[in-house]
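Asks: predicted model, plus sequence, below.
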Amino acid sequence: MAKETPMMEQYKKIKAEYRDAFLFFRLGDFYELFFEDAKRAAEELEITLTSRGKGEDGVPMCGVPYHSSETYIAQLVDKGFKVAICEQTEDPQQAKGVVKREVVQLVTPGTVMQGRAVQEKENNYMVSVDTFDDDTYSLAACDLTTGECKTTMVAEDLEAVIQEIASFSPREIVVSSEVDEELIEWCERRLQLTVSVQDETELPAEMSYVLSDIEQTKLRQVTARLIAYFVRTQKRSLDHIQKAQYYTTKQFMSIDPDSKRNLELTETIRGKSKRGSLLGLLDKTVTAMGGRALKQWVERPLMDEEALSFRLNVVEALLDDFFVRQSLQEDLKHVYDVERLTGKVAFGSVNAREFVQLRQTLAKVPPIFEQLNSHHSPAIRKLVEGIDMCQSLRHRLDESILDDPPVSITEGNLLKDGYHEQLDQYRDAMRNGKAWIASLEQQEREATGIKSLKVGFNKVFGYYIEVTKANLNQLPEGRYERKQTLTNAERYITPELKEKEQLIFEAEEKSGQLEYELFLQLREEVKQYMKSLQQLAQTLATIDVLQSFAKLSDENRYVRPQFSQNRDVKITAGRHPVVEQSIDIGSYVANDVFMNEKRDMLLITGPNMAGKSTYMRQLALISVMAQIGCFVPADEAHLPKFDQIFTRIGAADDVAHGQSTFMVEMVETNRAVSKATEQSLILLDEIGRGTSTYDGMALAQAIVEHIHHDVGAKTLFSTHYHELTTLETELARLKNVHVSATEEDGKVVFLHRVIEGAADRSYGVYVAELADLPKNVIERAKTILSTLESQTQDADQSGQVKELIASHEPKEETEQLPLFQIEEEPQSSNVKEEPECAFEQIEPDVDEQDVLATIKNCDVLNMTPLQAIETLNQMKQKLGHK
Ligand code: ADP
Ligand code: MG
């Protein structure tokens, strides 16, 4: 093999330091990739793989043009890769030997500052976690685009840390090489994070301020690790990173990632789209900053009553003041992303066009602030209290930056006339020179009499005088010097033209250079406003979110939630905020939720499709909305402040989740029952469906009992096991409710109304009928059903079920809980199949028996009139078949 060229040696040396990244190696106007990098990049970016050198010594290579590299880098980072950008750090013309090259930035999923990976209305957090032997964890999170930095301790278990990590939706995590391996596995597998290692936690002096408010060693260490990683990879000023703020997870309502997913808080389960989620509904923000703040709020509902009443007070005041709300919305539409612009200032990537955006934004601030400052509501006034409007910066940008500058900052046309004397002089020279040249054409036409004579300019030859071949004979000999011959024309210059050209070029170059320098100075100067700008950005974001809440609450007739001091829930005419929007206006059936210390748990029965799941989610969503400071869809709402919400969906309903196995369902249920407190809300939707009937029913009952006895959380439990409704008599704080349906002309009609008591039957067959299953199947099913029902009724009449329950009543809390047994106990205790039904036993007078049984069993004193009518109607239907 031939000897390595010096450049290849250089490449390999640099690549050795960035093994886990694509090395973009600058070669003239291209970034080149070699070897494995080239092969993979060619595949990922769909670009052509070539080779440097021939034959056996050929090295796989591919490249992207320097000027369009950003999109390629963004594509790779988007896919979770890292890209090391290696530049030529000396002028190639002056270099002796190989041009010096250095990596100037490592772009990673967590540090990307622009491009598609950075969503307007989403943060791009990077997190760092340290694990300790005493099973505690410290965590830091920082968004490099906005500078926000936070840190906390998690003292529970690995799962709690994962939940905390996930709450930031990061794309990358930084850890030490000694971190707990299980954590890495979770991060890679479950959260699909890019994992980066950073062992050094010493911070350069200029970054140490980030830690100034943090005392605890573990927190300092993890935050320092994160910042040190930024410093190492970004290799530039990071002054916009804010002081790390300590927070505790107790400040917020905690919702584990699965529950967030189930409740569709920020995205839908199926399409993973924001549209159709709670966030999608709530988002009437008009700024990117507001959009990000809203998402953060939804991810972290508050526990602090004072903070909540502040938000609610503002919403209430804005709700009542249509005029102010309207003009806020208008003004905010002209507000750019100050927060990210500030990040770019520090990062040194801000351009003049973005300064114009900043200036336009700052011009909108006084009208916004004045309105709020003079408002009669103290809460609204407080929003802007003590916030610097940064108007001196606005004036500075006003006098300096042109209205429509180019994106590039090296080619001039950035600064206004009168901003800088020397610059004005250069520009004068340029303008004079150009004016002279402009007048030259006219002058020479007259002098030579050639009407078509032109003065032009091209990049290679500069200014020239052009005469067409046809007119050459009119040109006095020796008037111009020949420069270039074209097919139909000759181009000339004159010494004077050359001289002026020289002047213009010089002035252009100098003014471009000077403008660049002045712009950099200005950029430096703007840095001193960074803290004020960040504060202003946060204020504007908050205003935007709260106006969004007010607008939404007004449009949808939401009411202000009241937080109850005891744990009572009292919702009158509550609605599911998202479902309500997806059906015809006014067709949503509002429902009450009433829970207190005597009604901690509601067992919800009712036919499929009746609205059980909707009813349960409705309570959770109303609670989340209340705890982020928004009004809620109800006529009246009194709520506790829930510390946690857990939701479990029965495996059969959980189709969208890849791992819809019964095991996962049980693991998740276990999490809910072991972590919930009296202050929590648990939603268990059809738990136990993923296994055989008796198994499932037994588990469901055991879980209900456990929550009732040992957890005490407010719980909604929906089930299709009617048998469970008898639990009401055993468990003091459990009440039956059901979602009603009636039959009309033998068809089921869902009323979506939740009423007290247990449902009488499950209507599954009718749902099948709605779904247009063949008639004979439906008929046969009805016959079988009534047989089975009559058997159950018989068993019930004889008191068999109750007795069985009694006889299985656990003697101690820990004892295995009972199965409902209607038929004989199966041979194996590990039942996996439904018991066989005895089709042959169909009796001729089954319906009459059924009706009799119903009459005997119904508890007239405890029936609502509607239930009575329903029951009567059903009995009539049955007999009507005869
Ligand atoms: P279940 O869980 O009982 O099977 P769902 O809660 O999934 O039923 O509700 C089924 C459908 O019924 C929902 O998709 C919704 O369109 C409709 N629905 C549910 N509750 C209501 C309601 N209160 N008002 C109007 N429509 C409702
Ligand atoms: Mg359901």
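Replies: Now that the structure is in, tell me what you want to look at. Residues are numbered from 1 along each chain as shown. Ligands and ions are numbered 1, 2, ... in the order given.
Asks: which residue is nearest the centroid of the protein?
Replies: For the chain, the residue nearest the mean C-alpha position is Glu122 (5.5 Å; Cα atoms, centre = their mean).
Asks: tell me the contacts of it?
Replies: Ser169, Gly291, Arg292, Lys295 (Cβ atoms under 8 Å, 6 or more residues apart in numbering). C-beta here means a position set from N, CA and C on the backbone, and glycine is covered the same way.
Asks: that one should be in a strand, yeah?
Replies: No: Glu122: not assigned to a strand; according to DSSP: H, G, I helix; E, B strand; the rest coil it is coil.
Asks: next one, pLDDT for it please.
Replies: Reported pLDDT at Glu122 in the predicted model: 88.
Asks: with the one 10 residues further on instead?
Replies: We note a pLDDT of 92 for Phe132 in this prediction.
Asks: how about the stretch 651-800 of the chain: which residue is closest to ligand 1?
Replies: His752 (3.4 Å; Cβ to the nearest ligand atom).
Asks: for that residue, report the pLDDT, please.
Replies: 88.
Asks: and it, helix, strand or coil?
Replies: His752 - assigned by three-state DSSP - is strand.
Asks: contacts only, for it.
Replies: Tyr588, Val589, Asn591, Ala610, Gly611, Thr614, Val739.
Asks: could you pick out which of the residues you listed are near ligand 1?
Replies: Tyr588, Val589, Asn591, Ala610, Gly611, Thr614, Val739 (Cβ under 6 Å from any ligand atom).
Asks: put together TSV for those, with pLDDT and distance to Leu731 on each row.
Replies: Formatted as TSV, those follow (pLDDT from 0 to 100; distance: Cβ to Cβ, whole Å):
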residue	pLDDT	distance to Leu731
Tyr588	94	31
Val589	94	28
Asn591	96	23
Ala610	86	23
Gly611	91	24
Thr614	95	25
Val739	88	21
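Asks: inside strands: which ones of those residues?
Replies: Asn591, Val739 (DSSP state E).
Asks: ok, and the closest non-adjacent residue to Leu358?
Replies: In space, and not counting its chain neighbours, Leu358 is closest to Leu341: 5.3 Å by Cβ to Cβ, 6 or more residues apart in numbering.
Asks: what's the helix or strand for that neighbour?
Replies: Using DSSP states H and E, Leu341 sits in helix 338-347.
Asks: what is the neighbour count of the residue nearest to Leu358?
Replies: 18 (other Cβ atoms under 10 Å).
Asks: quick check: it touching Gln357?
Replies: Yes: the criterion here is Cβ atoms under 8 Å, and Leu341 meets it with Gln357 at 6.6 Å.
Asks: buried stuff in stretch 588-605?
Replies: Residues of stretch 588-605 classed as buried: 588-593, 595, 599-605 (neighbour count, 16 or more other Cβ atoms under 10 Å).
Asks: sorry, slip of the keys, the one I care about is stretch 275-284.
Replies: So for stretch 275-284, counting by 16+ other Cβ under 10 Å, buried means Gly276, Ser277, Leu278, Leu279, Gly280, Leu281, Leu282, Asp283, Lys284.
Asks: and if you look at stretch 465-480?
Replies: So for stretch 465-480, counting by 16+ other Cβ under 10 Å, buried means Ile465, Glu466, Val467, Asn471, Leu475, Tyr480.
Asks: among those, which one sits closest to Thr854?
Replies: Using Cβ to Cβ, Glu466 is the member of the buried residues of stretch 465-480 that lies nearest Thr854, at 104.8 Å.
Asks: pretty sure the closest one sits against Asn488.
Replies: No: with contact defined as Cβ under 8 Å, Glu466 does not count as touching Asn488 (9.9 Å).
Asks: so which residues of the stretch 201-350 of the chain form helices?
Replies: Taking DSSP state H, counting those that start in this stretch as the criterion, the stretch 201-350 of the chain carries its helices at 217-234, 257-263, 278-282, 288-299, 305-320, 322-332, 338-347.
Asks: picking that back up, and the furthest pair within the buried residues of stretch 465-480?
Replies: Asn471 and Tyr480 (12.7 Å).
Asks: name the nearest residue to the closest residue to ligand 1 within the chain, ignoring sequence neighbours.
Replies: The chain approaches ligand 1 most closely through Gly611 (2.9 Å), counting by Cβ to the nearest ligand atom. Nearest residue to Gly611, sequence neighbours excluded (Cβ to Cβ, 6+ apart): His752, at 4.2 Å.
Asks: how close does the one you found get to Lys570?
Replies: 20 Å (Cβ to Cβ, to the nearest Å).
Asks: same question, Phe252
Replies: 24 Å.
Asks: what does this protein have sitting close to ligand 1?
Replies: Counting by Cβ under 6 Å from any ligand atom, the chain comes close to ligand 1 at 579, 583, 588-589, 591, 606, 608-614, 739, 752.
Asks: on the three-state scheme, Gln502 is what?
Replies: helix.
Asks: so how far is stretch 316-329 from its chain's centroid?
Replies: Relative to the centre of its chain, stretch 316-329 is centred 27 Å away, using Cα atoms, centre = their mean, to the nearest Å.
Asks: scratch that, stretch 612-626 is what I was asking about
Replies: Counting by Cα atoms, centre = their mean, stretch 612-626 comes out at 20 Å from the chain centroid.
Asks: repeat that for stretch 255-266.
Replies: Using Cα atoms, centre = their mean, the offset of stretch 255-266 from its chain centre is 12 Å.
Asks: quick one: end-to-end distance for that stretch.
Replies: Using Cα to Cα, to the nearest Å, the end-to-end distance of stretch 255-266 comes out at 12 Å.
Asks: quick one: which of the helices of the stretch 201-350 of the chain is nearest Gln422?
Replies: helix 338-347 (24.8 Å).
Asks: tell me what that closest one is packed against?
Replies: The contact analysis (3 or more Cβ pairs under 8 Å, 6 or more residues apart in numbering; DSSP states H and E) places helix 338-347 against helix 288-299, helix 352-373, helix 530-555.
Asks: ok so, going back, now, which of the buried residues of stretch 465-480 sits nearest Val161?
Replies: Glu466 (73.8 Å).
Asks: which non-adjacent residue is nearest the closest one?
Replies: Lys454 (4.5 Å).
Asks: then Thr871?
Replies: Cys858 is the one closest to Thr871 (Cβ to Cβ, 6+ apart), at 6.0 Å.
Asks: for the one you found, phi and psi?
Replies: Main-chain dihedrals, Cys858, degrees, to the nearest 10: phi -80, psi 140.
Asks: same deal with Arg491?
Replies: With angles defined as degrees, to the nearest 10, Arg491 sits at phi -120, psi 140.
Asks: quick thing: my sequence starts at 458, can you match it?
Replies: Will do, 458 is the new start, and the previous item becomes Arg948.
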